[in-house]
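Visitor: Quick one, fold the following:
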Amino acid sequence: MRRLNILNVLLPLILIIPLTSEHTSLLNAQIQPDSLLLKEIFKIWAVDNHSHASPFIQKIVDQPEPEDALGTAQFPYPVRLRVDNPEYIKAWHSLYNYSYSDMDSTHTKAALHNKYLLMREKREDWPVWILDQVRIQTAFVNLPKLGPGQKNKRFRLVPLADVLMIPFRVSND
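Guide: Sure, this is the predicted structure:
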């Protein structure tokens with residue numbers, strides 16, 4: 001004869017009880033957000049607490065545009081950072097007037113072309129323009145130093161800490 005384990009009996013009850021009687025009101029919770037609350041929330045701009053935002057670099061916009069707009073990664077990125085992440089399409093729509101819903105190479109080249117046009121137009125205002133488009137008030141930038149277009153109150157330098165990770169020279173001798 002098999003002995004009943006107390007958890008085999010109690011666990012289903014624990015899972016079912018919240019779906020009964022007075023707990024069913026939780027299932028009828030607010031579906032639509034409060035519009036006044038949303039209006040106030042959308043007034044809040046973000047803080048990017050770990051950015052590697054590039055400064056405006058004149059020699060990049062002076063170079064011919066790359067043939068492969070997406071390029072190739074030198075190592076495997078996490079899924080959301082991969083160059084073929086379809087979430088980028090929505091960003092390109094907003095930033096670069098991208099009119100396609102795919103990542104076809106000729107289409108992505110058009111997005112990159114529009115990006116270069118904007119960079120040439122905005123010049124040193126480019127980094128701040130990007131922050132404005134994505135509603136970031138302040139970006140904490142992790143680079144060796146701030147560059148052109150980043151020397152203002154919107155960008156804060158977070159010095160690289162590599163020297164603290166390996167503070168002593170290691171010799172191969």
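Visitor: Identify the single longest helix in this protein, thanks.
Guide: Looking across the chain with DSSP state H, the single longest helix is helix 105-122.
Visitor: Please enumerate the strands of this protein.
Guide: Counting by DSSP state E, one finds strands in the chain at the ranges 46-51, 136-141, 155-157.
Visitor: Kindly reformat the ones you listed as a markdown table containing distance to Ala73, mean neighbour count and mean pLDDT.
Guide: Every residue, glycine included, has its C-beta placed from N, CA and C. Output for the strands of the chain, formatted as a markdown table (distance: least, CB to CB, whole Å; neighbours: other CB atoms under 10 Å; pLDDT from 0 to 100):
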| stretch | distance to Ala73 | mean neighbour count | mean pLDDT |
| --- | --- | --- | --- |
| strand 46-51 | 20 | 14 | 92 |
| strand 136-141 | 22 | 18 | 95 |
| strand 155-157 | 26 | 17 | 94 |
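Visitor: Let me have those in CSV, adding distance to Lys90 as columns.
Guide: CSV is the format used below for those (distance: least, CB to CB, whole Å):
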stretch, distance to Lys90
strand 46-51, 17
strand 136-141, 17
strand 155-157, 25
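Visitor: and of those strands, who's closest to Tyr77?
Guide: Among the strands of the chain, the nearest to Tyr77 by CB to CB is strand 46-51 (15.7 Å).
Visitor: Pairing partners for the closest one, with directions?
Guide: Paired neighbours of strand 46-51 in the sheet (DSSP bridges): strand 136-141 (parallel).
Visitor: what is the mean pLDDT for the longest helix of the chain?
Guide: Taken as a whole, helix 105-122 has a mean pLDDT of 90.
Visitor: and it, what does it pack onto?
Guide: Where contact means 3 or more CB pairs under 8 Å, 6 or more residues apart in numbering; DSSP states H and E, helix 105-122 is packed against helix 58-62, helix 87-96, helix 126-133.
Visitor: let's go with 6 Å and repeat that
Guide: On a contact count with 3 or more CB pairs under 6 Å, 6 or more residues apart in numbering; DSSP states H and E, helix 105-122 meets helix 58-62, helix 87-96.
Visitor: Of those, which is nearest Val79?
Guide: Smallest distance to Val79 across the helices and strands packed on helix 105-122 (CB to CB): 9.8 Å, for helix 87-96.
Visitor: Neighbours of Gln74, how many?
Guide: Gln74 sits with 6 neighbouring residues when counted by other CB atoms under 10 Å.
Visitor: again with Ala73
Guide: Counted with other CB under 10 Å, Ala73 comes out at 11.
Visitor: Quick check: the gap between it and Arg135.
Guide: 28 Å (CB to CB, to the nearest Å).
Visitor: Over to Leu81?
Guide: 21 Å.
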